[in-house]
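> Fold the following and give me the result.
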Amino acid sequence: MWTIRLYKRSTYSLSPQQDGVYLFDILFLDICWDAEFDAAEFPVDKYLFDLWQHQSIFFTEAIDKSNPIDFCGGYSSVLEYVDGPLFDKITDTGPALDFYDRVPIPSSGLIAFEGVMEEPKWLGTHWFRIRSTLGQPDPSPIARGNGGLYKTIYSDPVPVTIVDPCRNSTVNMDADFFVQNIHVPLNSP
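Numbers count the residues shown, from 1 in each chain. I've put the predicted structure just below:
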């Protein structure tokens, strides 16, 4: 923000009020602050994985509808834990999802976060979302935006359910798969 001081002097007046000062502020914003973009989207409305299974959580990137491609530095996308049994309501944070790698899927237009949940604490339904931030981090003092970054937009959350494959059986009598929960009484011989 710049404050501009404009001095004026009336050439028609001889009184002491012939001099005046106007103060006004000018705020210069990068065009990227006004970018209009759509949030990333998941192509399905839920995911179901077995514990220890390689997982691919597919999504489409956020789309900048107002500027040329990469004019504002492109987008960075991060998978975030939003809610579920591992969400800490005191700190308002979920567990880190750094075991997922961001992988482009050739010729599909999709991106995937791929990884494996290996600990039984992940059993249950969790809610994830994609946080997309416009721009690229830039610590230099002349960086555009806020340290190189502009707007952040969030996808709608998607449920990701993790089940224990050891609690299911596969019965195969006719070369087809049938999955059924096994319930064994605790006092069985």
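> For the residue nearest to the spatial centre of the chain, give me its contacts.
What sits nearest the mean C-alpha location of the chain, by C-alpha atoms, centre = their mean, is Arg131, with 1.0 Å. Counting by C-beta atoms under 8 Å, 6 or more residues apart in numbering, Arg131 touches Ser77, Val78, Glu80, Thr152, Ile153, Tyr154, Ser155. Where you see a C-beta, it was placed from the backbone N, CA and C, and this is true even at glycine.
> Find the nearest non-adjacent residue to it, please.
Val78 (4.7 Å; C-beta to C-beta, 6 or more residues apart in numbering).
> On the pLDDT front, check that neighbour for me.
pLDDT for Val78: 90.
> circling back to that earlier point, buried subset of the contacts of Arg131?
Buried residues within these, counting neighbours by 16 or more other C-beta atoms under 10 Å: Ser77, Glu80, Ile153, Ser155.
> mind listing which of these are in strands?
Counted as lying in strands by DSSP state E, out of the buried ones among the contacts of Arg131, are Ser77, Glu80, Ile153.
> Would you check how far apart the last one and Glu61 are?
Computed with C-beta to C-beta, to the nearest Å, the distance linking Ile153 and Glu61 is 11 Å.
> Check the first one too.
With the distance defined as C-beta to C-beta, Ser77 ends up 6 Å from Glu61.
> Give me the common contacts of those two.
Joint contacts of Ser77 and Glu61 (C-beta under 8 Å, 6+ apart) are Ala40, Ile111, Ser132.
> Look up how far Glu118 lies from the first one.
Just to be clear, that refers to Ala40. Ala40 is 26 Å from Glu118, by C-beta to C-beta.
> More neighbours: the two, which one.
The neighbour count for Ala40 versus Glu118, taken as other C-beta atoms under 10 Å, is higher for Ala40 (22 against 11).
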